[in-house]
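Colleague: here you go, sequence then predicted model.
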Amino acid sequence: MAAVVAPPLLFCVWLAGSSLLGLVHRDPFWREEQVSLSEAILRDDYGQAMRLAIEGHDLTVPYPVGRSAPPGVTAMTPLDAAALERELDVVKALLRQGLVADDAARRRAACIAVAREAADVAEFLVGHVITRQECAAGAEVQR
Amino acid sequence: MSIDIASATTTVPDPRWRRAAYVYGIVVALGIAYMVAMIPVQVSDCLGNLLQIQHDTWTRLIVNHFWNTGFLRPLLWAQIKGAFDLADGHYWLTFKAIHAAQLVLLAGLFVRLLRIERARDFAAVPVAVAVLVGLHTFSGTVREAFPVNSFLTVLVCTFAVMNLSLSRWRWWHDALALVIYLFILLTVESGLLVVAALVMARLVGLRGVSWAGVGACLLLTLGYFYLRFGPLAVGAPGLIERSTGFGFQVLDPPELMARFGAHPAAFYAYNIVCSIITVFFAEPRAGVWHATHAIVSGGEVPSWLVINLVSSALATALVVWYGRRRVVAWWRTRRIDDDDRIAMVCGTVLLANAVLSFPYTKDAIMSTGGACFAVLTFYAVREMLAVGERGILKGLGAAVVLVALSGTWAVRATALPHLLREQAFKVRNDWATVYPWLDAQHIELKDADARMLVEQLRREALRSPAPHPNIGRSPWRRLLDLN
């Protein structure tokens, strides 16, 4: 009889223990890993990203990014991260949260979106359809 | 005192086992309630409702929803309005408190239905509770709230009237049954399960609600159908209501209309059959035969799916075995006990639940039927425990079956908190992009109150913890059904 009761009883004990620990803010089950704003976006953790935005983190500066970023990239702005993720709604949410993106920042993010085949994101950012050739030409001019 | 026919002994009930069972059930309910409370008030299927009722009057709200097409749910809107007004600005706290209260009430009603009298009864309780919360049909009662979860409300109301029927008749049982039925009938269509439970309970000899009370509920049912298909012209949900599974895929409303528009009966029959089978065999899921497709196509069958199929097959086999034993016992003695009566009511409710699922399949719609299956599993496990006490070989056989059953269902139950944690992450993400969502849904925030409501809920949601479900995944998570 004990062997029959044991497995679901273990489940009950784990559930109760987790809940009790949670009441004193020590629940490992609900512990979040704190990451940078841009890293949160790259991880699809838009909730944490927007919470950081609401808390007053600067939305224009690059933040460290880790394993979620493309190879060789160690920092990105939140706007670039949202473009890389092809998330138009996140781009809109950042702008609504107070991000002031100048033309250069918008164009850069738009080109990231174009490279990721997110034409809707790119068009929203610069107000018109932008092609890879334009992005490449723009990069040449900057060089 | 109960007479154990199988062992020809009499046993004196020990109330301590009943109390222990209540404690166990309520502890599990509170643990799940805690997990539910970690999920923010959701955006989809909820925020729009809250904005709609924010400045609506009770009268206009209820009256307007008597004239919908496809659904007759005026009291669902009354509940939403009631919860909203009661909250008085403390929305998360109130909505989650209501959800927690429903879960605790369900636990109490479920345990009471099992009628725990001795140690062997109690030994079967943890397995039954694991089946209750581990079934895929249960997760829909806790994963979402609109802000009140109507699936859970139906489940609670059905178990409430079953408990009324099981009790000794009191004059107020009839009135209470009628009130519960009226309440749930105008909340959601699945409320019809209550009258199915009442009628079957009375037919098999449970006398807690009199024939007068049952008759009143039947008259109410006739009146409901007359109004629904007559003056109110609400009709039944059609093929255009939502996407639903068929075969190995999900079909959108235009595809459903193209395939079945002329002859929907076959599609409805498919839905009813799938709704029954999903409870017993964990397949199909929302009308889609995932496991079958994986096996037939030679694809990989995930570990969690194997556990689902094995656990459900074991439980179903045990229930069938138990049913056969009880039929044989009845054939010999021509007597049934209250457990048999409850089992028959549970079977009826399960079938009725499937019939009500005819327009489309959704796992959560079968939540009441699934809970009834958990009750049946309890009886089967208890019977197997009794058989196991009668000899070494029988004991070994029973132990192997029951440990396998217990273990697999404990794994399935463990998936529920993980599902809730994933839901918390998803809901918080939804709040991160709520304003673009409102624009896409063409929902206008017409006044300052609406804007304040959205912003308050958004900030509360974004402040809540929600670990990323895919970061730091341990390998054993592949055993859990997180779909």
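Modeller: Thanks, I have the structure now. Numbers count the residues shown, from 1 in each chain, chains lettered A, B, ... in the order given.

Colleague: so how many other residues sit close to B:V179?
Modeller: B:V179 has 11 neighbours, counted by other Cβ atoms under 10 Å in any protein chain shown. (C-beta placed from N, C-alpha, C; glycine too.)

Colleague: also B:Q42?
Modeller: B:Q42 has 23 neighbours, counted by other Cβ under 10 Å.

Colleague: that one reaches B:N429, doesn't it?
Modeller: No. Shown here, B:Q42 and B:N429 do not form a contact pair, counting by Cβ atoms under 8 Å, at 11.1 Å.

Colleague: which residues do these two both contact?
Modeller: Common contacts of B:Q42 and B:N429 (Cβ atoms under 8 Å, 6 or more residues apart in numbering or on different chains): none found.

Colleague: run through the residues of chain A sitting next to chain B.
Modeller: A:1, A:3-12, A:14-16, A:18-19, A:22-23, A:29-33, A:43-51, A:54, A:87-90, A:92-93, A:96 (Cβ under 8 Å from any Cβ of the partner chain).

Colleague: where's A:L84 relative to chain B, distance?
Modeller: Look at A:L84 and chain B: by Cβ to the nearest Cβ, to the nearest Å, they are 16 Å apart.

Colleague: what sits closest to that residue if chain neighbours are left out?
Modeller: A:I112 (5.4 Å; Cβ to Cβ, 6 or more residues apart in numbering or on different chains).

Colleague: lowest mean pLDDT among the helices and strands, pick that one out for chain A.
Modeller: Least confident element among the helices and strands of chain A, by mean pLDDT, DSSP states H and E: helix A:132-142 (a mean of 71).

Colleague: how close does the residue most central in space within chain A sit to A:A53?
Modeller: Residue closest to the mean C-alpha point of chain A, counted by Cα atoms, centre = their mean, is A:I41 at 0.2 Å. Distance, A:I41 to A:A53, by Cβ to Cβ, to the nearest Å: 10 Å.

Colleague: how about B:T57?
Modeller: 38 Å.

Colleague: compare neighbour counts for the two and give me the winner.
Modeller: A:A53 (23 against 10).

Colleague: how about the contacts made by that one?
Modeller: For A:A53, the contact set (Cβ under 8 Å, 6+ apart) comprises A:L37, A:L59, A:P78, A:L94, A:Q97, A:G98, A:L99.

Colleague: again, only this time at 10 Å
Modeller: A:37, A:40, A:46, A:59, A:78, A:93-94, A:96-99, B:432, B:462 (Cβ atoms under 10 Å, 6 or more residues apart in numbering or on different chains).

Colleague: quick check: buried residues in the helix or strand hosting it?
Modeller: Per DSSP states H and E: A:A53 is located in helix A:46-54. By neighbour count on 16 or more other Cβ atoms under 10 Å in any protein chain shown, the buried set for helix A:46-54 is A:Y46, A:G47, A:Q48, A:A49, A:M50, A:R51, A:L52, A:A53.

Colleague: just the mean pLDDT for that helix, thanks.
Modeller: Averaged over helix A:46-54, pLDDT sits at 96.

Colleague: what sits up against whichever helix or strand comes after it?
Modeller: Using DSSP H and E, the helix or strand that follows helix A:46-54 in sequence is strand A:63-64. With Cβ under 10 Å, 6+ apart as the test, strand A:63-64 has contacts from A:35-42, A:49, A:52, A:57, A:74-78, A:81.
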